[in-house]
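Chemist: Pasting the sequence and the predicted model now:
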Amino acid sequence: MKFVIQRVKNASVEVENKIVGSINNGFLVLIGITHEDTKETADVLIKKLIKLRVFEDENGKMNLALKDVNGELLLVSQFTLYADCRGGNRPAFINAAKPDYANELYEYIIGECKKEISKVQTGIFGADMKVNLLNDGPVTIILDSAELIKQ
């Protein structure tokens, strides 16, 4: 599982010319799911996401977490995070989870995040989405379960 976390001043997702999710100060999280991922995998990344201290404190140090700044979340599924580009110029996506399984875990992630954060918005799974954001910093952090969880 991969979370690409971008600290944003604002972000939104548009589907068919309609805004389906938008946030202000917080994280835009692009979520990639592979066939090996489980709810337990998701729990590890969610915990790290919620506690990630990358917001500035009163001294300008990145020392505050999402809850500390009343931050918001915009969660967007993105199977292309598992693109395999080793075999040529056209990426293969064989490492991405099948849609039904990926959607089940994506919905699980949304539900768990809603237990922790007051405003959680989403894109639409499987849709052609247009994502707009104002990256703050810029700060972009990649959480990869392959690096965080000992196999």
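Modeler: Nice, thanks for sending it over.
Chemist: For stretch 33-50, what is the distance to the chain centroid?
Modeler: In terms of C-alpha atoms, centre = their mean, to the nearest Å, the centre of stretch 33-50 is found 11 Å from the chain centre.
Chemist: what residues does that stretch touch?
Modeler: Under the contact criterion C-beta atoms under 8 Å, 6 or more residues apart in numbering, stretch 33-50 has outside partners 1, 3, 5, 27, 29, 65-67, 77, 79, 82, 95-98, 101-102, 105-106, 108-109, 112-113, 116-117, 143, 145, 148-149. Placement of C-beta: from N, CA and C, glycine included.
Chemist: Pull the contacting residues for the residue most central in space within the chain.
Modeler: Nearest residue to the geometric centre of the chain (C-alpha atoms, centre = their mean): residue 29, 2.3 Å. Contacts here follow C-beta under 8 Å, 6+ apart; on that basis residue 29 touches 3, 4, 5, 6, 49, 73, 74, 75, 76.
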